[in-house]
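1. Whatever this is, show me its structure:
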Amino acid sequence: MEDNLEYKILKYLSENNNGKPIDVSNMDTDKNRLKNALSNLKKEKYIKCRVITNENIVAKIEFKGIKYLEEDSREKVKSTIIAENYIAGNNYGNQSSNNSITSNTTINPKTEVKASSLILNIWKLISENKLISGLLVVVILWAIKEIFGIDLK
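-> You can find the predicted model right below:
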């Protein structure tokens, strides 16, 4: 989508996003092509668009459009890294490799991220909140007292 008008419009709206509709009527000299591109973006809910007059068209990028650009950007970075590794001879993704680690190991990062993010969120909550961390210390001291029969007076 990078070469086409829709991508250029999204990129322009993203770079000039000030929360208000932006004039896009000069993005292309062919008004029918411009309206078609805007219609496609509006249909995908990437933008909100309004034709004021035939010569004046304003649009505003939506969250979904911003998210699309971010995902597209991440894909480009990933492809570039893979290409650079391939050119450099670091052919990690080559399934014909004799290395059992690279050819037979499948990692599911989403599962790991969910598990670790829950633990990280709990740790962050405890470490950033003095009241919760204080209550946790009191509970631990009470548990030590009850388990070992220690009098803390």
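2. Can you get me a residue count around Ser14?
-> Residues near Ser14, counting by other CB atoms under 10 Å, number 14. Glycine gets a C-beta too; all of them are placed from N, C-alpha and C.
3. In terms of helices and strands, where is it?
-> Take DSSP states H and E as the rule and Ser14 turns out to sit in helix 5-15.
4. Output the contacting helices and strands for that helix.
-> Judged by 3 or more CB pairs under 8 Å, 6 or more residues apart in numbering; DSSP states H and E, helix 5-15 is in contact with helix 31-43, strand 47-53, strand 56-61, helix 63-88.
5. Now do it and strand 47-53, the angle between them.
-> 100 degrees (axes from the mean of the first three to the mean of the last three CA atoms, to 10 degrees).
6. Please identify the most buried of the helices and strands packed on helix 5-15.
-> strand 56-61 (a mean of 19; mean count of other CB atoms under 10 Å).
7. any idea of the angle it forms with strand 47-53?
-> Here strand 56-61 runs at an angle of 170 degrees relative to strand 47-53 (the same axes, to 10 degrees).
8. What strands line up against strand 56-61, and which way round?
-> Applying DSSP bridges, strand 56-61 is found paired with strand 22-23 (antiparallel), strand 47-53 (antiparallel).
9. Having no further points to raise, I will conclude here.
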